[in-house]
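>>> Predicted model and sequence below, questions to follow.
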Amino acid sequence: MSTRTERRLAAIMFTDVVGYTSFTEANEAQALVALEEHRTLMRSIFPNFNGKEVKTIGDAFLVEFSSALEAVNCSVEIQKRLREKNKRLSESKRLVIRIGVHLGDVVKSQGDILGDAVNVSSRIEPLAEPGGVCISGQVYDQVRNKLTLSLEKLEPKTLKNVRFPIDVYRIVMPWEAEAREGTAINLDRRRIAVLPLRNMSPDPNDEYFADGMTEELITSLSAIKEFTVIARTSVMQYKGTTKRIDEIGRDLKAGTLIEGSVRKAGSRIRITVQLIDARNEGHIWAQNYDKQLDDVFAIQSEVAQKVADALKIQLGESDVRKIERGATRNPEAYNLYLKGMFFWNKRSAEAIRKAIDFLEDAVKLDLKFALGYAGIAQCYNVIAANHLDEPEPSYRKAKEYSLRALSLDDELAEAHAVLAGVYGTLDRDPQKSEAQFRRAIELNPNYATAHQWYSQLLSWMGRIEESEREITKALELNPLSLIINTNYGDHLYYKRKFDLAIAQFRKTIDMDPSFAPAYHSLLQAYITTSRFPEALEILDAVARLGSPAEVKLGRAYAYSAMKRKEETHELLTEIQHQGVEQKELSPYIIALIHFQLGEKDEGFEWLERAFKDYDRTINNITVDYELDGLRSDPRYISLLERLGLARYFQDRES
């Protein structure tokens, strides 16, 4: 029997239901009914656009069209119809799909189609947002002048099993366009984003100065309580971007943007600043400054004043004082400070130690440079919290330098936030810690990190609703921060909203697939919900990002939950001489592993070690589920008392 093949050019649509596996696990019977209804709806739409169903693959459709335009119009119609249908259904019954479309050569054989076009369309589909459509550059060339909908180009993508990067575009669906128009109209003009100032200096090594000036402008504007100012972490995502101002405004929900450039040559600086209305890209105000380095604070004050004037905010004397808080008039000290903060923002162990060197040199030149002392305190606080060195002496240095900064200027929010962290971890005094966080936020309501850290403290104190308020505010101020996005997922996890937490962790990983903390939180969520196959998949990602000891610890944590006792103990034996002895790994996690194996005595021994080592994660004993059956144990109660947390859980049931 011969097999006849036919080669032709075709537009290929690939569809897939988002999260259908989880839907099936939750209610298999309901999922099967929903899938059959979904297939009926889809099959009623294909013929209207001359689409030919080739086959279904699980919950996915493979459909062939002779016209790229008809394939795209069909895709949009499908999403419209599904959106309308879902409005009438409860959330638990809705099916949402992604669609990918590609144009290329296919080979028809025995009722199926094969070829690169099929492969590419299946690889493009996952790039679409839920409820969205993505198309290849080949399709774009055919439809770009024939659609009423907008098309947005994504970053060039290298697709699995596809040899060369291809251009991919997303279709802006009608409801998105309407929402954008509404968003643009409703953007708050007093929500401000300072975009990274471009470095125009002859020496590319002066990049630190442009970044430093960006951060200083953010800090100056943050002192004005009437403004909501986007944090540095989020705006630095746009360094070197080609995105339009209106797009960035929508991304950050900011109605006013500041952009400009810095040119430094010796002690001379030239700074160009423009204030832009993100709603219409209109220029509100622009100014060039040609100054000496020691006049830089005058520039910051004037820019803040001009922005306030443009947005009809009256600054009082206290506002002006806050703008210039903790400053130095020594240009060399200021230059060293900017270099120090440039390395501080890199957050690696090596970079933070460089930061300390620069900052210590800065305060030697000006013994009253409060911001310099606050910067050193921030460095030691991060070293201690992340176990980059012995925590106890590092916390003591953080305390020493923050108190020194506050003795010179009691209105430094950064120093109060560091002191709050030290009181909570070194002194085990949550009350004093909370007072310092509240003071930091009072001084600078735009300080995202203070809201983030305060949220963690409130969680440890069992005040979950207040914690939610603070982490939500942190996310509002710093929407692109990876750690704040992860902590928001942690909060959902503590509230036992596991599906939402998992979605949040995955969103964070999508933002940066190399961000290890999000994987660790996702692993814990999968373990808690007994989704062990997914947990083991996450361990493969952890293996690419962590040290060998960290990878083994993660695997031991997963195995202990799966009751694979012998393998868990083998891994624990290996890692105890790798990471724990050098403070690289948290003894708290080892305690959780023992508790999951039912080994209470060993678990409490490791909790005691975490307590003695000032491992800040031990405060999680009030929220982590691995300790749910241990809260009446005298050893647990003793730890709670020594952590200063017992008073908040006196009525808690075991």
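Thanks, I have the structure now. Numbering: from 1, shown residues only.

>>> Could you list the domains of the protein?
5-180, 187-324, 329-440, 559-654 (automatic domain parsing).

>>> Columns mean neighbour count and mean pLDDT on top of those domains, output as a markdown table?
C-betas here are computed from N, CA, C, even on glycine. Output for the domains of the chain, formatted as a markdown table (neighbours: other CB atoms under 10 Å; pLDDT from 0 to 100):
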| stretch | mean neighbour count | mean pLDDT |
| --- | --- | --- |
| domain 5-180 | 17 | 85 |
| domain 187-324 | 18 | 84 |
| domain 329-440 | 21 | 94 |
| domain 559-654 | 17 | 88 |
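
>>> Adding distance to residue 453, write those out as CSV.
What follows is the domains of the chain, written out as CSV (distance: least, CB to CB, whole Å):
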stretch, distance to residue 453
domain 5-180, 32
domain 187-324, 13
domain 329-440, 6
domain 559-654, 10
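
>>> Could you work out which of those reaches nearest to residue 501?
domain 559-654 (12.1 Å; CB to CB).

>>> Walking through the stretch 301-450 of the chain, point out its helices one by one.
Shown for the stretch 301-450 of the chain, the helices assigned by DSSP state H, counting those that start in this stretch span residues 317-323, 331-344, 349-365, 370-385, 391-408, 413-425, 430-443, 448-460.

>>> Could you export those to a markdown table, including columns for distance to residue 48?
Below are these laid out as a markdown table (distance: least, CB to CB, whole Å):
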| stretch | distance to residue 48 |
| --- | --- |
| helix 317-323 | 62 |
| helix 331-344 | 58 |
| helix 349-365 | 59 |
| helix 370-385 | 59 |
| helix 391-408 | 66 |
| helix 413-425 | 59 |
| helix 430-443 | 57 |
| helix 448-460 | 49 |
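
>>> circling back: among the domains of the chain, which is nearest residue 456?
With CB to CB, the closest approach to residue 456 among those belongs to domain 559-654: 7.8 Å.

>>> Going along the chain, name the strands of the chain.
Using DSSP state E, the strands found in the chain span residues 5-17, 52-57, 60-65, 97-109, 112-114, 133-136, 151-153, 168-171, 191-194, 198-199, 228-229, 256-265, 268-277, 282-292.

>>> and residue 239, which of those is closest to it?
strand 198-199 (8.7 Å).

>>> by contact count, what packs against that closest one?
Where contact means 3 or more CB pairs under 8 Å, 6 or more residues apart in numbering; DSSP states H and E, strand 198-199 is packed against helix 207-222, strand 256-265.

>>> Take the ones you listed and lay them out in TSV including distance to residue 65.
Output for the helices and strands packed on strand 198-199, formatted as TSV (distance: least, CB to CB, whole Å):
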stretch	distance to residue 65
helix 207-222	49
strand 256-265	42
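
>>> Compare the ones you listed and give me the one nearest residue 85.
Nearest to residue 85 among those is strand 256-265 (38.9 Å), distances taken as CB to CB.

>>> angle of that closest one against strand 268-277?
Angle, strand 256-265 to strand 268-277, by axes from the mean of the first three to the mean of the last three CA atoms, to 10 degrees: 170 degrees.

>>> and the angle for strand 256-265 with strand 282-292?
Using the same axes, to 10 degrees: strand 256-265 against strand 282-292 is 30 degrees.

>>> so which of the domains of the chain comes closest to residue 543?
Nearest of these (CB to CB): domain 559-654, 13.1 Å.

>>> chain center to the closest one: distance?
Domain 559-654 sits 27 Å away from the centroid of its parent chain (CA atoms, centre = their mean, to the nearest Å).

>>> Begin at 58, not 1, for the rest of this chat.
New numbering, starting at 58: the last item is domain 616-711.

>>> Return the residues in contact with the residue nearest the centre of the chain.
In the chain, the C-alpha nearest the mean C-alpha coordinate belongs to residue 539, at 2.4 Å (CA atoms, centre = their mean). Applying CB atoms under 8 Å, 6 or more residues apart in numbering to residue 539 gives the contacts 290, 565, 568, 569, 572, 574, 575.

>>> Sitting in helices, which of the residues you listed do you find?
Secondary structure assignment by DSSP state H places 290, 565, 568, 574, 575 of the contacts of residue 539 in helices.

>>> Using ChimeraX, define a selection of the buried residues within those residues.
This is how ChimeraX selects the buried members of these, with burial counted by 16 or more other CB atoms under 10 Å:
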select :290,565,574,575
